[in-house]
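> Here's a sequence, model it:
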Amino acid sequence: MKFPVRPAWALSTLAVAMSGAWAQAVATPEPAASVPETSLPGVKVRGSAETATGPVSGYRAKRAISATKTDTPLREVPQSITVVTRDQIVDQGATTLQDALNYAAGVRSDAYGLDSRSDGIRIRGTAIPEYLDGLRQSFGYYTSSTRADPYTLERIEVLRGPSAMLFGQGSTGGVVNMVSKRPQAEASREIGVQYGSHDRKQVQADFTGPLTADGDWLYRVVAVARKSDTQVDYVRDDRALLAPSLTWRPNGATSLTLMALAQKDRSGSTSQFFPWSGVVLDNPNGKLPTNRFIGEPGWDRYDSDRRSIGWAFEHRVDDTWTVRQNTRYSINDVDYFTHYGDSFSSSKDFGDPDDATERLIGRYADATITRVKMLSADQHVEGHLTTGEARHTLLAGLDLARSATTGESGIVSPDYYPAGTTASIDAYDPVYGNLVVPAMSQVAPSVVRQGGLYVQDQVRFGRWIGVAGFRHDRTRNETTGTETTSSHATTKRFGVMYDLPGGLTPYVGYSESFSVQLNRGIGQTFAPLRGKQWEAGLKYEPVGGGYSLNAAAYDLREKNQISEPQPNVYDVLAEVKGHGVELEAKGALGALDMVAHYNQIHVDDTIETVPTHQASLWGSYRFALGGVSGLRAGAGVRWFSAFHDHEAPTTPSVTLLDAMVAWDVERWRVALNVSNLTDKVYVSTCLSRGDCWFGSRRNAVASVTYRF
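Modelled structure (predicted):
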């Protein structure tokens, strides 16, 4: 493998910076403690140490489950992974998954700017799937999904690089695995209210604790109710959500957690698909306002309903073997009706060539009704064995998924508007009421079936740590009226690390990706995504320290990505190549909690480009003032370099500031979070196909939380 000069230079620089702390740790080794043998009576133990699915104090998690499907220390994983903890989500006031990943290394969280329909997340330059508790949320296009609410999550894990060996489906860039809040043995209850920009009004509650005196039964109920406008006129952001869960732990070896969700979102599309002109290019009428809506009020909408139920089961057979099963069944309904701008003409100009004023823009009228029923199950056995001086953690499992999609759709392009109507609207002074309702027809029903067998060995031999795994997947894509396609793939992963004294761990690893791709509602099927990656890096966690430093350089390849140069027109790219470097720091320095990262990425021949350079820094400081304790102040800065997507004009670089002040006293927390503090008008991207996407303007949210 050949890394570019810049990533190699950055890694060596970080290694030099680490070496001083490493040498100091080596020079002062910790003395071994003498532990007397003790015989204790049998007791029922309720552990409070950090686990890969439980709460974390502060910003730095030490363990994760996404990288190996086992509860493994992060420093023993030969792959880049970032964990966004609950405390970080709260301090940064994240209201969407995009917000929560603003400060995660390797992530472009707002690739499509302000998008009320979905989370436009890119990892290492590629689109990624979202998982919840280790199970994929959806196989489908964004028009079949409902956005997750960060208030329901305990943590968010970003696993960078291919992960097919474990998950069976995912891009070469990585996956995002969200971990739900689960019932806790210690009683905790909170009720909170929020008021913020765009008349945002929200009430939320989170209750958990034991149901029985012996602690065998635990419960949790999370609820959210919101009424809100958005940055764009006539587009709402309303939500009603209820997420109950119940845990049964009859003994220290067995647990069963039942989890359910009912979520109802009533929104619209903040994405207007504005052309380059008036956004990043000059227009004689000036710049288009960021609140401009060119759809049809009262008809345009993005309404979604999600219901799911499932469980997480674990049983420790003995000191060696443990069996687990995660299962979820979900139904997702989406009604997506929209009028959006025609920015896809060959001229890539503002409007109709007969329009000398450069004010008029044509519109597509598009309607889609989608229902997705999905059943997923992952079951595996974990064993802890010793062979000679080598200690093994073995994992063998089978996961299965079935996703069935039905629906209706219709579209009217600007060239085919009915007689007596016009597709054009004055984007600078819109007059509504020229509603066109597309004729709906049934979308060809489709069913995707996937099954994968996998085996993995995590081994430790002295200071050497190794991970190796293989997986075989079979998929079947059945679409009515289209030839059924079947595919299979064997993917692998291996990595090796060396645990140096003092907490420094260099590593190198190789992994592959494989993911099925559903049709886009036009009866067309696509070959699976396939990719591979080499990665080398350093992880540093000083002994007894409260922080961690990570660096990685990578080289990736992915083929069969799908591009959409025009609505409902799809191309398949032969191969996408990328390489880059990532640096990340996270943890606590005294009273200061902080996260920081820097990315450099070069991606060739991809669907869409991303900034070559990206950096962020966030810090939150705890202090007392004038005898008042429990005060906290935070600030962050995010920076993206300028870039351009193939033939598109340059998307300018941008620097954004975020801030927070909070007061925690006894049972109360009062906070104010402000993102994009200076209210900068910026563009997240302008695409080669002709459209541009605005980023989020200043958003302030005041919150009051009562805990009891």
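
> Quick one: the strands in the stretch 451-600 of the chain, in order.
For the stretch 451-600 of the chain, applying DSSP state E, counting those that start in this stretch gives strands covering 464-479, 485-498, 504-515, 529-540, 547-559, 562-566, 569-572, 576-589, 592-604.

> Figure out which of those strands is closest to Pro649.
With CB to CB as the measure, strand 562-566 is the member of the strands of the stretch 451-600 of the chain nearest Pro649 (16.8 Å). Every residue, glycine included, has its C-beta placed from N, CA and C.

> can you redo the strands of the stretch 451-600 of the chain as CSV with mean pLDDT?
Rendered in CSV, the data for the strands of the stretch 451-600 of the chain read as follows (pLDDT from 0 to 100):
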stretch, mean pLDDT
strand 464-479, 93
strand 485-498, 92
strand 504-515, 93
strand 529-540, 93
strand 547-559, 93
strand 562-566, 62
strand 569-572, 64
strand 576-589, 93
strand 592-604, 93
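
> As TSV, these with distance to Asp300 and mean neighbour count would be great.
Conversion of these to TSV gives the following (distance: least, CB to CB, whole Å; neighbours: other CB atoms under 10 Å):
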stretch	distance to Asp300	mean neighbour count
strand 464-479	28	19
strand 485-498	35	18
strand 504-515	31	23
strand 529-540	32	23
strand 547-559	34	23
strand 562-566	20	15
strand 569-572	23	12
strand 576-589	34	21
strand 592-604	34	20
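
> how about those, which one is nearest Thr290?
For Thr290, the closest of the strands of the stretch 451-600 of the chain is strand 562-566, at 24.0 Å, according to CB to CB.

> Tell me, how many residues neighbour the closest residue to Ala642 other than its chain neighbours?
When the adjacent residues along the chain are set aside, Ala642 lies closest to Ser653, with 4.2 Å between them (CB to CB, 6 or more residues apart in numbering). One way to gauge burial is a neighbour count; for Ser653, by other CB atoms under 10 Å, it gives 13.

> In contact with Ser653: list those residues for me.
611, 639-642 (CB atoms under 8 Å, 6 or more residues apart in numbering).

> Confirm for me that Arg239 is in contact with Gln263.
Yes. Here Arg239 lies in contact with Gln263, judged by CB atoms under 8 Å, at a distance of 7.1 Å.

> Val412 pairs with what?
With beta bridges defined as DSSP bridges, Val412 has these partners: Ala365.

> Is it in contact with Ala365, as I believe?
Yes. In this structure Val412 lies within contact range of Ala365 using CB under 8 Å: 4.3 Å.

> Which residues are in contact with each of those two?
Common contact partners of Val412 and Ala365 (CB under 8 Å, 6+ apart): 436, 438.

> higher neighbour count, these two?
A count of neighbours by other CB under 10 Å puts Ala365 above the other of Val412 and Ala365, at 27 against 20.

> Give me the most central residue, the chain.
Most central in the chain under CA atoms, centre = their mean is Val176, positioned 4.3 Å from the mean C-alpha point.

> Then it would be within a strand, right?
Yes. Secondary structure of Val176, determined by DSSP: H, G, I helix; E, B strand; the rest coil: located in a strand.
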